[in-house]
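Asks: Provided below for reference: sequence and predicted model.
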Amino acid sequence: MNLIPILFGLLHGIYKINSYYGKRNAPTSGASTFHKGIDIGAPQGFEFIAVTNGKITFTDFLGGGGYTITITCYDSSIGEIKYSYCHCDPNFIVHVGDYVKKGQIIGKVGPKNVYGVLRQQISR
């Protein structure tokens, strides 16, 4: 099994990183020079999957991220982790409050898919 598509939440073995996380040249006027995600090229309409078990905590329009789905999970050693899929097809197949399993189809690629992971530190 090829793990790269699973890591990025894409099926069909198709993936291409178009823009990496970090400092970059702004692709359009007014865009940030620090990219907070990874842009993954995949054909519009392709299904993507949950990269982890978790709860759907956001499904809506998110400004520059377009239509977005966020899965939130908790790891006792590092805290809360949020996995976001931006530029989704707006016809969501999951909804806020749904619990999903790793590998489950959760949506389709919109005009551009951007994948991000955020972590909230545990207070000790």
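Replies: Great, that's in hand. Model, not experiment: these values are computed from the prediction.

Asks: Only C-alpha atoms from now on, for both contacts and neighbour counts.
Replies: Will do.

Asks: how far away is the residue positioned nearest the centre of the chain from residue 93?
Replies: Of all residues in the chain, the one closest to the mean position by Cα atoms, centre = their mean is residue 85, 2.4 Å from it. Distance from residue 85 to residue 93, counting by Cα to Cα, to the nearest Å: 13 Å.

Asks: ok, residue 107 touching residue 95?
Replies: No - Residue 107 lies out of contact with residue 95 (Cα atoms under 8 Å); the separation is 10.4 Å.

Asks: what element comes up after whichever helix or strand residue 48 is part of heading to the C-terminus?
Replies: Taking DSSP states H and E as the definition, residue 48 sits inside strand 47-49. For strand 47-49, the following helix or strand on the C-terminal side (DSSP H and E) is strand 54-61.

Asks: That following strand - what's its average pLDDT?
Replies: When pLDDT is averaged over strand 54-61, the result is 96.

Asks: send the alpha carbons of it over as PDB?
Replies: Taking Å, rounded to 0.1, in the frame of the first residue of the first chain, the C-alpha atoms of strand 54-61 are listed here in PDB:
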ATOM      1  CA  GLY A  54     -12.000  12.100  15.500                       C
ATOM      2  CA  LYS A  55     -14.900  14.400  15.700                       C
ATOM      3  CA  ILE A  56     -16.000  16.800  12.900                       C
ATOM      4  CA  THR A  57     -15.700  20.200  14.500                       C
ATOM      5  CA  PHE A  58     -16.100  22.500  11.500                       C
ATOM      6  CA  THR A  59     -17.800  22.400   8.100                       C
ATOM      7  CA  ASP A  60     -18.300  25.800   6.600                       C
ATOM      8  CA  PHE A  61     -16.800  28.500   4.500                       C
END
